[in-house]
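>>> Sequence first, predicted coordinates after that:
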Amino acid sequence: MTYIEGFLTPVPTANRDRYLDHARAAVPMFKDFGAARMVEAWGEDVPRGQRNDLWMAVAAEEGEAVVFSWFEYPDKATRDAANARMMADPRLAEMMQDMPFDGGRMIMGGFDSVSDAGSGSGRNAGFIDGVVLPLKADARETYRDFASSLAPIFLEFGALRVLDAVADDVPTGERTDFYRAVCAEKGEPPAFGFVEWPDRATRDAGWNAIMADPRMQDQTPPFDGKRMIFGGFAVIVDA
């Protein structure tokens, strides 16, 4: 199934246009490396939490937005080969010299998808719901079943695609990382997922219908929902 390289990035709102130019300039390079898709989405409806949230995940500062993004690869082998190539490519070194964000607070990692439902990477999403959560230890198969059972409900109410993935190659960082983002306890892998919508209006209406659907009440999640972090993002690059 699809292999995901997921990112969370703090970007000054004043640098939005610079970030967009930066991301667009990277598209040909990552295509050369073998990425099947590259998506960048700008935080538009990202709630604050008491214990953790997407803002805390990247130690966001005043005047910064959170960007939720990912690369899609056909498999891990392609992703690993891409990473090896990009580290030796002078184009990447050049881009890193003038980044419109603090790379020291960007978090990233490789995730193996366990459920992928909908129209696939049709590149017609206008809005994204992104989520990161702490999965219970040894709950990968349970999570796959859980995610697969929920996806048809989202698709019924307007979502284009629902993907859920579990940590496979997620490094720890000195200041921020996906483990800290969800206050992971011993043995808990972070999970990374997203719901693609055609636009925000469809997403808002869809969520209202989803939360009122009695089928949602029958679900027992294999994770601590109090440490799940999430938000809504407007797609700015989908290539």
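Received it, and whenever you're ready, just let me know what you need.

>>> Please count neighbours and contacts with C-alpha atoms only from this point.
Fine.

>>> Show me where this protein has its strands.
Assigned by DSSP state E, the chain shows strands spanning 3-12, 37-45, 64-73, 107-118, 127-134, 161-169, 190-197, 229-238.

>>> Sheet-wise, list the partners of the second one with their directions.
Partner strands for strand 37-45, per DSSP bridges, with pairing direction: strand 64-73 (antiparallel), strand 229-238 (antiparallel).

>>> for it, which positions count as buried?
Neighbour counts over strand 37-45 (16 or more other Cα atoms under 10 Å) mark R37, M38, V39, E40, A41, W42, G43, E44 as buried.

>>> Contacts for that strand next, please.
Identification of contacts with strand 37-45 by Cα atoms under 8 Å, 6 or more residues apart in numbering yields 23, 27, 31, 65-73, 121, 127-128, 231-239.

>>> From A36, how far out is the residue of the chain positioned farthest from its centre?
In the chain, counting by Cα atoms, centre = their mean, P214 sits farthest out from the average C-alpha position, at 27.3 Å. Separation of P214 from A36 (Cα to Cα, to the nearest Å): 37 Å.

>>> before we move on, back to that, which one of the strands paired with strand 37-45 lies closest to P222?
strand 229-238 (15.0 Å; Cα to Cα).

>>> For stretch 77-96, which residues meet the burial criterion?
In stretch 77-96, counting by 16+ other Cα under 10 Å, buried: T78, R79, A82, M86.

>>> Thank you kindly, that will do.
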